[in-house]
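what's the 3D shape of this:
(one chain, ligands or ions: 1)
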Amino acid sequence: MPKKTFPCGHKGNGQYCHTCQQLAAEQEEKAQAKVEKQQWKQSFAEDPIDLRTLPRKKLVLKARTILDAVRSGEPFQHFNGKRMNYNRKIISIPIDNDYRILFKEDDTGLIPFDLMSHEDYNVKKPGASKL
Ligand SMILES: [Zn+2]
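Now for the predicted structure:
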């Protein structure tokens, strides 16, 4: 089948220009990715603590799972959370080996107040480094 020239100037076979269709699909994908990136950025505004320092999306999602579960009353022990020796009202829940969320316990439950890397944690809370 001889190639024809479409009104757009591309050459090809078929009822419509596949080059233009391909370009449009790529454009669409880019726009979609941009929207998703924007939504992802905005999603941090709804977190009770700032999770932007987490290096991976997976960690952010895991942190949110923990935050949601604790907020809805799930015991911190389910997530290997531990009370601090230096202050029993402070609970640390690990996200992974490097990051943990700190909660304060009050009459209403556990209130998240900080996100710490393992390094921060060892520097700022030397007495709790074994936890
Ligand atoms: Zn075309």
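
And the residue nearest the centre of the chain, how far from Glu74?
Nearest to the geometric centre of the chain sits Val60, at 2.7 Å (Cα atoms, centre = their mean). In this view, Val60 and Glu74 are 19 Å apart by Cβ to Cβ, to the nearest Å. In this view, the C-beta of every residue, glycine as well, is placed from N, C-alpha and C.

before we move on, back to that, am I right that the residue nearest to the centre of the chain falls within a helix?
Yes: using DSSP: H, G, I helix; E, B strand; the rest coil, the assignment for Val60 is a helix.

can you pull the contacts of it?
Contact analysis of Val60 by Cβ atoms under 8 Å, 6 or more residues apart in numbering lists 44, 51, 54.

Just give the closest residue to the first one, not the sequence neighbours.
The shortest distance from Phe44 to any residue other than its chain neighbours is 5.4 Å, reached at Arg52 (Cβ to Cβ, 6 or more residues apart in numbering).

Tell me how far the one you found lies from the ion.
Between Arg52 and the ion the distance is 42 Å, computed by Cβ to the ion, to the nearest Å.

okay, now that residue: neighbour count?
Arg52 is flanked by 10 other residues according to other Cβ atoms under 10 Å.

List phi and psi for it.
phi -70, psi -20 (degrees, to the nearest 10).

re earlier: redo the contacts of Val60 as CSV? Include distance to Asp106.
Shown next, in CSV, are the contacts of Val60 (distance: Cβ to Cβ, whole Å):
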residue, distance to Asp106
Phe44, 25
Leu51, 22
Leu54, 25
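
Give me the buried entries from those.
51, 54 (16 or more other Cβ atoms under 10 Å).

Sort out which one of the contacts of Val60 lies nearest Thr108 for me.
Set against Thr108, the nearest of the contacts of Val60 by Cβ to Cβ is Leu51 (21.7 Å).

show me what contacts that closest one?
44, 60, 63-64, 115.

what do you get for Gln38?
Contacts of Gln38 (Cβ under 8 Å, 6+ apart): none.

Three-state assignment for it, please.
Applying three-state DSSP: Gln38 is helix.

Least confident secondary structure element in the chain?
Least confident helix or strand of the chain, by mean pLDDT, DSSP states H and E, is helix 118-124 with a mean of 68.
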